[in-house]
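In: Pasting a predicted model and its sequence here:
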Amino acid sequence: MIKYFFKSLRSETVQELDTYKPGSWVYVEQPSHDEIRQLVKRFGLNEGHLHDALDEDEMPRLEKEGEQSYIYVRFAYKADDGELLTAPLLFVFSNELVMTVSQVRLPSLDAFIRGKVNYATTQRAKLILLILQQIVEQYDGFISRTSKQIKLIRSRLRGHEISNQDFIDFVMIEDELNEFLSSLMPTNATLRRLLLGRYMPLFTEDQDIVEDLLLNNEQSIEACNSNMQSIIHIREAYSSISSNNLNRTMKRLTVVTVLIMLPSMFYGLYGMNVELPFMHHPWAFSAILGFTIFFNIAVYVLARQRRYF
């Protein structure tokens, strides 16, 4: 799918054009082979770079072919099943062209079409930076939501209410955070290279935007690392609590076993059809019963002193 959007500094709404005209934003989403060949022929692009943008494992980087710069980044989005994923996005920049190429719909597209972002397609460099800004904010939103989910599970740890499903959720969260980190960290290097001005001319205001993006990106990386550490600490704490509870349960079961075993042993001995001491005395049963009760009480008191109960 190829779309052409145009918005000047003076216009308030975004126009979707039928054909390309200078100053337009060429939006390409999940292009077919015919559409890729059409773009290569129309704008003189490198076909290999366009195919790279459709590779789901493509990492952030910068390439320059003549007057054209190819800027690869990754953006976060929510899949239909609710899973958080990242996908590559290619910016093509030249003196007369700004183009985005992606395999899935760009999450920030609606914000630009509905006029929620103040921009102009004729300001090509600033348009790319504003899209990058939306991508970074998208990461911040997802990471913030993940942090709240981790805090909710951590609050249940105090009441020992963590379930197996929580640990399954932890595995999913860790995968998401690792994917975010693998996208955000190379993006830092890409943004630093953009500051050099070799791939895209930047005015003073544009440089300030790139520096803000760098700062926000580093904060997102720190948030991801912090969340990963929180998950590790929660898992270790739960493991220690479970181990301690298991030890206490085993001690209690051991004491209960002793309390049951001793009376059974005495009663079993005096239940045999053989000659036993004191078997003809009338107080033998009361003595044995009293001794077992006294011995059980002594074992119970000793167990309480040692905090087995």
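Out: Perfect, thanks for sending it. Residues are numbered from 1 along each chain as shown.

In: Show me the strands in the stretch 51-200 of the chain, by range?
Out: 61-65, 68-78, 84-93, 98-102 (DSSP state E, counting those that start in this stretch).

In: I figured Pro88 hits Leu50, correct?
Out: No - taking contact to mean Cβ atoms under 8 Å, the distance of 11.4 Å between Pro88 and Leu50 leaves them out of contact. From N, CA and C alone the C-beta is placed, and that goes for glycine too.

In: Now the common contact residues for these two.
Out: Taking Cβ atoms under 8 Å, 6 or more residues apart in numbering as the contact criterion, Pro88 and Leu50 have no common neighbours.

In: follow-up on the earlier one: right, and the strands of the stretch 51-200 of the chain - which one's nearest Lys148?
Out: Lys148 lies closest to strand 84-93 among these, at 13.8 Å (Cβ to Cβ).

In: Tell me which other helices or strands the closest one touches.
Out: Taking 3 or more Cβ pairs under 8 Å, 6 or more residues apart in numbering; DSSP states H and E as the contact definition, the neighbouring helices and strands of strand 84-93 are helix 47-53, strand 68-78, strand 98-102, helix 124-158, helix 164-194.

In: Turn those into a markdown table, including mean neighbour count.
Out: Conversion of those to a markdown table gives the following (neighbours: other Cβ atoms under 10 Å):
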| stretch | mean neighbour count |
| --- | --- |
| helix 47-53 | 17 |
| strand 68-78 | 21 |
| strand 98-102 | 24 |
| helix 124-158 | 18 |
| helix 164-194 | 17 |
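
In: mind checking which of these is nearest Ile260?
Out: Proximity to Ile260 (Cβ to Cβ) singles out helix 164-194 among these, at 32.8 Å.

In: Next, the angle from the closest one to strand 61-65.
Out: If you take axes from the mean of the first three to the mean of the last three Cα atoms, to 10 degrees, helix 164-194 sits at 40 degrees to strand 61-65.

In: And the helix or strand following helix 164-194, how far out from the chain middle?
Out: Downstream of helix 164-194, the next assigned helix or strand under DSSP states H and E is helix 204-269. Between the centre of helix 204-269 and the centre of its chain there are 19 Å (Cα atoms, centre = their mean, to the nearest Å).

In: and the helix or strand just after helix 204-269 with helix 204-269, angle?
Out: Per DSSP H and E, the first helix or strand lying C-terminal to helix 204-269 is helix 284-305. Helix 284-305 runs at 160 degrees relative to helix 204-269, counting by the same axes, to 10 degrees.

In: Helix 284-305: how far from the chain's middle?
Out: 58 Å.

In: Give the buried residues for that helix.
Out: Along helix 284-305, the positions that meet the burial threshold by neighbour count (16 or more other Cβ atoms under 10 Å) are Ile288, Thr292, Tyr300, Ala303.

In: just curious, which of these is nearest to Glu236?
Out: Distance to Glu236, by Cβ to Cβ, is smallest for Ala303 among those, at 29.7 Å.

In: thought the closest one was touching Leu253?
Out: No - at 11.4 Å, Ala303 and Leu253 do not qualify as touching, with contact defined as Cβ under 8 Å.

In: residues in contact with the closest residue to Arg61 other than its chain neighbours?
Out: Here the nearest residue to Arg61 in space, its sequence neighbours aside, is Tyr72; by Cβ to Cβ, 6 or more residues apart in numbering that works out to 5.0 Å. Residues counted as contacts of Tyr72 (Cβ under 8 Å, 6+ apart) are 52-53, 58-63, 88-91, 190.

In: which of these count as buried?
Out: Applying a neighbour-count criterion of 16+ other Cβ under 10 Å, the buried members of the contacts of Tyr72 are Asp52, Ala53, Glu58, Met59, Pro60, Arg61, Leu62, Pro88, Leu89, Leu90, Phe91, Thr190.

In: Make a markdown table from those and add pLDDT and distance to Ser11 to it.
Out: Below are the buried ones among the contacts of Tyr72 laid out as a markdown table (pLDDT from 0 to 100; distance: Cβ to Cβ, whole Å):
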| residue | pLDDT | distance to Ser11 |
| --- | --- | --- |
| Asp52 | 89 | 34 |
| Ala53 | 86 | 29 |
| Glu58 | 86 | 34 |
| Met59 | 89 | 36 |
| Pro60 | 89 | 32 |
| Arg61 | 88 | 34 |
| Leu62 | 89 | 31 |
| Pro88 | 91 | 31 |
| Leu89 | 91 | 25 |
| Leu90 | 92 | 27 |
| Phe91 | 91 | 23 |
| Thr190 | 88 | 31 |
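
In: quick one, what contacts the residue lying closest to Ser220 once chain neighbours are set aside?
Out: Nearest non-adjacent residue to Ser220, counting by Cβ to Cβ, 6+ apart: Tyr139, 5.0 Å away. Counting by Cβ under 8 Å, 6+ apart, Tyr139 makes contact with Ala76, Phe180, Leu184, Asn217, Ser220.

In: Surely Leu89 is in contact with Ala53?
Out: Yes - with contact defined as Cβ under 8 Å, Leu89 and Ala53 form a contacting pair (7.2 Å).
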